[in-house]
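Trainee: 3D model of this:
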Amino acid sequence: MSHSFSMSMLLNWALMLMFVVIGVLNILKVDVLTGVAYLLLSIIYFPSFDNSFRKYLGFTIPYLIKIILAFLVIWGSLAVGDLAKNIWTIN
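Mentor: Predicted coordinates for the structure are as follows:
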């Protein structure tokens with residue numbers, strides 16, 4: 001049994017993991033609703049989701065859109081959001 005990993009699949013797994021971690025941190029430190037939104041957003045980066053999305057709707061979300069969305073979420077949550085205030089402040 002041979003498994004081949006492509007760069008896009010590796011990127012999808014990394015971004016999905018990042019969104020799950022941001023979602024869990026938001027649930028624990030900021031707001032439950034925001035955290036759940038990040039967890040739901042992580043689903044679009046799950047590699048099997050692309051296959052299911054293509055099967056049922058006939059198209060997939062382009063990687064450029066996924067990367068732009070990832071940068072916006074990283075910037076919004078870790079740079080200027082409430083999560084950043086809770087992480088970077090010393091109590």
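Trainee: Can you tell me which residue is spatially central in the chain?
Mentor: Taking C-alpha atoms, centre = their mean, the centroid of the chain lies closest to Phe19, which sits 3.2 Å from it.
Trainee: now it, nearest residue through space, not along the chain?
Mentor: Nearest-residue entry for Phe19: Ser42, 3.5 Å, with adjacent residues in sequence omitted and distances by C-beta to C-beta, 6 or more residues apart in numbering. Heads up, the C-betas are built off the backbone N, CA and C, glycines and all.
Trainee: what do you get for Phe59?
Mentor: Excluding the flanking residues, the one nearest Phe59 by C-beta to C-beta, 6+ apart is Phe53, at 7.5 Å.
Trainee: and Trp13, how many neighbours does it have?
Mentor: Trp13 has 14 neighbours, counted by other C-beta atoms under 10 Å.
Trainee: so which strand or helix has it?
Mentor: Trp13 belongs to helix 7-29 when assigned by DSSP states H and E.
Trainee: Summarise which helices and strands that helix is packed against.
Mentor: With contacts taken as 3 or more C-beta pairs under 8 Å, 6 or more residues apart in numbering; DSSP states H and E, helix 7-29 sits against helix 32-41, helix 47-57, helix 63-74, helix 82-88.
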